[in-house]
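Undergrad: mind folding the following:
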Amino acid sequence: MIARGHVEELLIVLPGGANLDTRWGQVVRSFSGTAWHGHLLSVDIRFALVVYCTRRSAVVIRSALRSARHYAAAADLAIYDMYCRHAGV
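TA: Prediction:
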């Protein structure tokens with residue numbers, strides 16, 4: 001996605017769990033050398049459900065709860081912002 005210039009179409013889902021910090025570290029390392037790396041380094045993942053990138057930064061949708069319903073709502077909000085809001089839908 002990064003090499004082909006499709007970062008703004010990527011939705012990163014962050015399921016909780018014991019290895020969340022390690023998994024997030026791998027994601028951030030994959031963005032090394034990109035315009036988003038610094039933004040992703042500063043993301044507080046404790047309550048993050050999904051992360052996506054815009055042309056200028058990373059956007060995080062958070063919730064204190066991690067149910068399937070919360071993830072679905074977070075994904076819906078992210079997809080709306082990524083594809084519909086700027087198109088006037």
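Undergrad: from here on, contacts and neighbour counts on C-alpha atoms
TA: Noted.
Undergrad: show the contacting residues for the residue nearest to the spatial centre of the chain.
TA: In the chain, the C-alpha nearest the mean C-alpha coordinate belongs to V51, at 1.2 Å (CA atoms, centre = their mean). Applying CA atoms under 8 Å, 6 or more residues apart in numbering to V51 gives the contacts L11, I12, V13, L14, A58, V59, V60, I61.
Undergrad: could you do H37 as well?
TA: By CA under 8 Å, 6+ apart, the neighbours of H37 are V28, R29, F31.
Undergrad: so which of those comes closest to S67?
TA: Nearest to S67 out of the contacts of H37 is V28 (CA to CA; 24.3 Å).
Undergrad: could you report the pLDDT at that closest one?
TA: Listed pLDDT for V28 reads 97.
Undergrad: tell me the spacing between it and V43.
TA: The gap separating V28 from V43 is 10 Å, by CA to CA, to the nearest Å.
Undergrad: who has more neighbours, these two?
TA: V28 (18 against 15; other CA atoms under 10 Å).
Undergrad: one step back: among the contacts of V51, which ones are in strands?
TA: Taking DSSP state E, the ones among the contacts of V51 that sit in strands are L11, I12, V13, A58, V59, V60, I61.
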